[in-house]
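K.L.:
Return atomic coordinates for the entry below.
(one chain, ligands or ions: 1)
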Amino acid sequence: MEKDLGKEIMQMRECYRKGNTKHVTWRRAQLKGLLSFLAEKEVEIFRALNLDLGKNYVEAFRDEVGLLKKSLNLALKDLKTWMASKEAKLPSIALLSYAELVPEPLGLILVISSWNFPMGLSLEPLIGAIAAGNAVVIKPSELAPASSSLLANALPNYLDTQAIKVIEGGPAVGQQLLHHKWDKILFTGSPKVGRIIMSEAAKNLTPVTLELGGKCPAILDSLSWSWDKEVVAINRIIGAKYGSCAGQACISIDYLLVEKPFSSTVVELMKALIKKMYGDNPRESHSISRIINKHHFLRLKDLLTDQKVKDCIVYGGSMDEDSLFIEPTILVDPPLESAMMTEEIFGPLLPIITGAIPFSCLEKSGLSSGQLDKIEDSIDFINSRPKPLALYAFTKNEVLKERLVSETSSGSVVFNDAIIQFAADTLPFGGIGESGIGKYHGKFSFDTFTHYKAVARRSLLTDLWYRFPPWNNYKLELLENTYNYDYFGLLLVILGLKRSRKTFHVN
Ligand SMILES: NC(=O)c1ccc[n+]([C@@H]2O[C@H](COP(=O)([O-])OP(=O)(O)OC[C@H]3O[C@@H](n4cnc5c(N)ncnc54)[C@H](O)[C@@H]3O)[C@@H](O)[C@H]2O)c1
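P.N.:
A predicted model of the protein is given here:
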């Protein structure tokens, strides 16, 4: 296996060296091939996502297929502009010179993806890598086997198999792939594996983009209008907690911060809206995804085994191991030191934090009192934890919005909605600190897989004679005026009308 892998990778590198992938016609053909794959295999894709995750086909279209088609259409429309060299303005002193930034593909790319959006997280990076003219290996997650197998078996019918390959397997295959030299690795997954990826990549000085996870907080201010509360905020919170792969999404809301007096209203509104979205018996609902596998089901179940956490459940909590179903669940004030509040939840459990924070956690959370007295206290709470991938705030308070932007750090900030940033091509998608390194989506994907080569062209007709030795104070004066772009001063020095104020005798 290892030997075959090595041979395949060598052949791909050879193919890249021949230069085919750099041509606009090749890039366009692959992007169109991907579009055809999505169109012709749409039903198979929906089936695979349903098999792997119980994902409804409408959700699958909204979160994966539809987004991919949108990204492909953008890449096809803008490809020529993205590929074009950009002039880099030079100062007038550089007479008869011209400079440009020439986008050049990086070479051989490795994409390792996770299971929760197995199509989207494999193909979205592929779009950028192809558009940028690279050869690409994708290793989908073994935990979404139907999707992985569909990618491996069907994609070769639509793409250039010399330059684009899907290699299936789990951590062992991932590890084998990491033993080879890549020109860039884009990894989507956990911070734990992200660390392994980065240390393996460091051996060859391979640059990495790490799309990781973490706990994304949402702040809900005490909105007074019922429209704001019910229709907008709570609806969007429920959608962003349970509606995208049942909360198994890196940008799902992980926990909600609410002022204590508002919390019971929030819980009541949420209960009603959960019923509206998933019916009286959500177990029967086809609109909520299932947990990916038994291991993750038990991981989530474990989060609730601590009696102190269990006692905080105010809604839901039922589970069915056979169908890997977990009911949309709400908890109020689980202990901050519990795994529920220290680990990424990645499932349909929503802790609401209102205060009643044990003293042991106060120092750690940076709060001075045991309650979230004011919604503004959430800033300290968020800042006492690793930088999240996304921060959401439902508020009309403009001062709070400004403070959140300037006083907290996260991959993205969204006011009065959640998850939608993922769909915006003009916004870079990526984390900071524990939540990731680098960014992609839209033109940022092209840039992620591109080296902007600095190209300068000079004429032989002119020169700045004073940039060469032997050195003297006169040349120092000329250089100083040059770097200040003080052309008049330069002229005066050349004409002998301006004298150096400094006289150095260093040597
Ligand atoms: N930022 C994002 O865009 C984003 C999107 C989805 C998921 N995530 C994060 O991903 C995590 C869940 O995904 P997961 O369970 O698939 O993560 P994971 O880190 O366990 O696995 C991700 C990928 O890495 C591979 N892998 C695992 N061990 C490896 C090793 N030792 N060497 C090489 N490859 C290895 C897996 O086979 C899989 O393809 C969560 O933390 C979530 O927040 C982030």
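K.L.:
SS state for the residue of the stretch 201-350 of the chain found nearest the ligand?
P.N.:
Residue nearest to the ligand within the stretch 201-350 of the chain (Cβ to the nearest ligand atom): G213, separated by 1.8 Å. For glycine as for every other residue, the C-beta is placed from the backbone atoms N, C-alpha and C. Three-state assignment for G213 (DSSP: H, G, I helix; E, B strand; the rest coil): coil.
K.L.:
Check the burial of it by counting its neighbours.
P.N.:
25 (other Cβ atoms under 10 Å).
K.L.:
okay but it is in contact with A390, surely?
P.N.:
No - taking Cβ atoms under 8 Å as the definition, G213 is not a contact partner of A390, at 10.4 Å.
K.L.:
rewinding a little: contacting residues around the closest residue to the residue of the stretch 201-350 of the chain closest to the ligand other than its chain neighbours?
P.N.:
Take G213 and drop its neighbours on the chain: the residue closest to it by Cβ to Cβ, 6 or more residues apart in numbering is C250, 4.3 Å away. Residues near C250 by Cβ atoms under 8 Å, 6 or more residues apart in numbering: 116, 188, 211-214, 216, 389.
K.L.:
now those as CSV including pLDDT?
P.N.:
Output for the contacts of C250, formatted as CSV (pLDDT from 0 to 100):
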residue, pLDDT
N116, 98
T188, 98
E211, 98
L212, 98
G213, 91
G214, 93
C216, 98
L389, 98
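K.L.:
Dump those to TSV, plus distance to L336.
P.N.:
TSV is the format used below for those (distance: Cβ to Cβ, whole Å):
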residue	distance to L336
N116	26
T188	28
E211	27
L212	22
G213	19
G214	16
C216	16
L389	20
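K.L.:
Other residues contacting stretch 38-49?
P.N.:
So stretch 38-49 is contacted by 55, 57, 60-61, 64-65, 68-69, 72, 118-119, 144, 146-147, 149-150, 154 (Cβ under 8 Å, 6+ apart).
K.L.:
if we can go back for a sec, which stretch of helix or strand covers the residue nearest to G213?
P.N.:
Under the criterion of DSSP states H and E, C250 resides outside all helices and strands.
K.L.:
For the chain, give me the ranges with low pLDDT.
P.N.:
Along the chain, segments meeting pLDDT under 70 span 1, 356-371, 500-507.
K.L.:
bridging residues for the nearest residue to I437 once chain neighbours are set aside?
P.N.:
The spatially closest residue to I437, leaving aside those adjacent along the chain, is L210, at 4.6 Å (Cβ to Cβ, 6+ apart). Taking DSSP bridges as the rule, L210 bridges to F187, I437.
K.L.:
can I assume L210 is in contact with I196?
P.N.:
No - with contacts counted by Cβ under 8 Å, L210 stays clear of I196, the gap being 10.7 Å.
K.L.:
one step back: just the buried residues of the contacts of stretch 38-49.
P.N.:
55, 57, 60-61, 64-65, 68-69, 72, 118-119, 144, 146-147, 150, 154 (16 or more other Cβ atoms under 10 Å).
K.L.:
Which ones among these map onto helices?
P.N.:
Residues of these located in helices (DSSP state H): 57, 60, 68-69, 72, 146-147, 150, 154.
K.L.:
between those residues, which is nearest V413?
P.N.:
L68 (25.3 Å; Cβ to Cβ).
K.L.:
just the strands in the stretch 401-507 of the chain please.
P.N.:
412-415, 436-437, 450-458 (DSSP state E, counting those that start in this stretch).
K.L.:
Please produce CSV containing the ones you listed, extended by distance to D280 and mean neighbour count.
P.N.:
Below are the strands of the stretch 401-507 of the chain laid out as CSV (distance: least, Cβ to Cβ, whole Å; neighbours: other Cβ atoms under 10 Å):
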stretch, distance to D280, mean neighbour count
strand 412-415, 31, 20
strand 436-437, 39, 21
strand 450-458, 52, 14
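K.L.:
Those: which one's closest to the ligand?
P.N.:
strand 436-437 (5.6 Å).
K.L.:
Apart from its chain neighbours, what residue comes closest to the most centrally placed residue in the chain?
P.N.:
The chain has G430 as the residue nearest its centroid, 2.9 Å off, counting by Cα atoms, centre = their mean. In this structure, G430 finds its nearest non-sequential neighbour in K439, 3.3 Å apart by Cβ to Cβ, 6+ apart.
K.L.:
ok, now how distant is that neighbour from the ligand?
P.N.:
Relative to the ligand, K439 is positioned 10 Å away (Cβ to the nearest ligand atom, to the nearest Å).
K.L.:
ok, that residue touching P428?
P.N.:
Yes - using Cβ under 8 Å, K439 is in contact with P428, at 3.6 Å.
K.L.:
could you check the distance from the closest residue in space to G489 that isn't next to it in sequence over to P156?
P.N.:
Once flanking residues are discounted, G489 sits nearest to N481: 4.3 Å by Cβ to Cβ, 6+ apart. Distance, N481 to P156, using Cβ to Cβ, to the nearest Å: 62 Å.
K.L.:
who's more crowded, those two?
P.N.:
N481 (21 against 13).
K.L.:
what residues are up against the closest residue to S445 other than its chain neighbours?
P.N.:
Counting by Cβ to Cβ, 6+ apart, G128 is the residue found nearest to S445 once chain neighbours are left out, at 2.5 Å. Contacts for G128 (Cβ under 8 Å, 6+ apart) come out as 75, 440, 444-446, 448-449.
K.L.:
Quick check: the farthest pair among those residues?
P.N.:
Pairwise over the contacts of G128, using Cβ to Cβ, the maximum falls at A75 and T448, 12.8 Å.
K.L.:
These two - which one has more neighbours?
P.N.:
A75 (26 against 23).
K.L.:
Do I have it right that that one meets Q30?
P.N.:
No - using Cβ under 8 Å as the test, A75 is too far from Q30 to be in contact (10.0 Å).
K.L.:
Show me the common contact partners of the two, please.
P.N.:
Joint contacts of A75 and Q30 (Cβ under 8 Å, 6+ apart) are I130.
K.L.:
Is G6 in contact with K181, as I believe?
P.N.:
No - between G6 and K181 there is no contact under Cβ under 8 Å: 10.7 Å.
K.L.:
Would you tell me which residues of the stretch 301-450 of the chain are close to the ligand?
P.N.:
For the stretch 301-450 of the chain, the contact set with the ligand under Cβ under 6 Å from any ligand atom comprises 344, 346, 389, 431, 436.
K.L.:
My read is that the last one contacts L389, right?
P.N.:
Yes - with contact defined as Cβ under 8 Å, G436 and L389 form a contacting pair (6.6 Å).
K.L.:
Find residues that contact each of those two.
P.N.:
212, 411.
K.L.:
what about the closest residue to S289 other than its chain neighbours, neighbour count?
P.N.:
Spatial nearest neighbour of S289, excluding adjacent residues (Cβ to Cβ, 6+ apart): A246 at 4.1 Å. By other Cβ under 10 Å, 27 other residues sit near A246.
K.L.:
List the residues that contact A246.
P.N.:
With Cβ under 8 Å, 6+ apart, A246 has these contacts: 288-291, 326, 347-348.
K.L.:
Distance of it relative to T395?
P.N.:
27 Å.
K.L.:
check contacts around the nearest residue to R385 once chain neighbours are set aside.
P.N.:
Leaving aside its chain neighbours, R385 sits nearest to K215 (6.8 Å; criterion: Cβ to Cβ, 6+ apart). Residues counted as contacts of K215 (Cβ under 8 Å, 6+ apart) are 254-255, 343-345, 385-386, 388.
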